[in-house]
Structures are given as structure tokens and as C-alpha cells.
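**Q** Build me a model from this:
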Amino acid sequence: EIRDTADHESDHAYIGEFTAETIVFHNSLDQSVTLQYQGSVDDINWIDIGAPIVVAASTNDYETVTDFFPEYRIMGSCDRAPTSGNLCVWILKAGGK
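**A** Residues are numbered from 1 along each chain as shown. Got it, this is the predicted structure:
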């Protein structure tokens, strides 16, 4: 659940040697959410990957990323505090070395 306008950090996902990921977003919040995909080589220093993604209220979306990092996370925030719903994000691995 997101009930404010602060930045929220997802769990970190270890991808290992996989080189492409599809990120699936299920936004049942009553507000749009802005998501930024980030990668890291050391789980300490994070780098933004691509532009932020806006997922409208009560919609689903996905994005495929081919940049390689062993660790990933998603940062999410809303411009207005949601009062209902939640945000689910799945990182699906595809292709390995």
C-alpha cells in the first residue's frame, strides 16, 4: 500500500546473469504512480535506468529492459496520496548467458 507522496522502494531483485527483464505493473491504487527502474552492481549505489514510467490509476502496464545489472529495484511515488488500492510489481527474467 502507498498512502502518501513519499518515495517508496521495492525489494531488491537479484537477476544474476539474465540479460533481459520484463517488469509487470499492476496499479490498483486510486492515483497514478510514477515508477523509476534502477540497477546496481553492489546493492549500494543505484543508477536510474531509462525514463520514469507513469502507470495510471487502476491499470496494468509492463516494460521490457535489456540493460544488464545484477541487482534491480523500483522506486515509486504518487503526486497525490492514494486512499485505496495497492501496487504490485513483478520482474520477470528472460534469457541467460
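**Q** Need the nearest residue in space to the residue nearest to the spatial centre of the chain, chain neighbours excluded.
**A** The residue lying closest to the centre of the chain (Cα atoms, centre = their mean) is I74, at 3.2 Å. Of all residues not flanking I74 in the chain, S10 sits nearest, at 4.2 Å (Cβ to Cβ, 6 or more residues apart in numbering). Every residue, glycine included, has its C-beta placed from N, CA and C.
**Q** The residue nearest to the centre of the chain pairs with what?
**A** Listed beta-bridge partners, I74: Y37 (assigned using DSSP bridges).
**Q** tell me the contacts of the residue nearest to I74?
**A** By Cβ atoms under 8 Å, 6 or more residues apart in numbering, the contact set of S10 is 73-76, 89.
**Q** 7 Å instead, please
**A** Residues near S10 by Cβ atoms under 7 Å, 6 or more residues apart in numbering: 73-74, 89.
**Q** For the chain, which segments count as strands?
**A** Ranges of strands within the chain are 8-9, 13-14, 20-27, 33-40, 47-48, 53-55, 59-65, 71-77, 87-94, based on DSSP state E.
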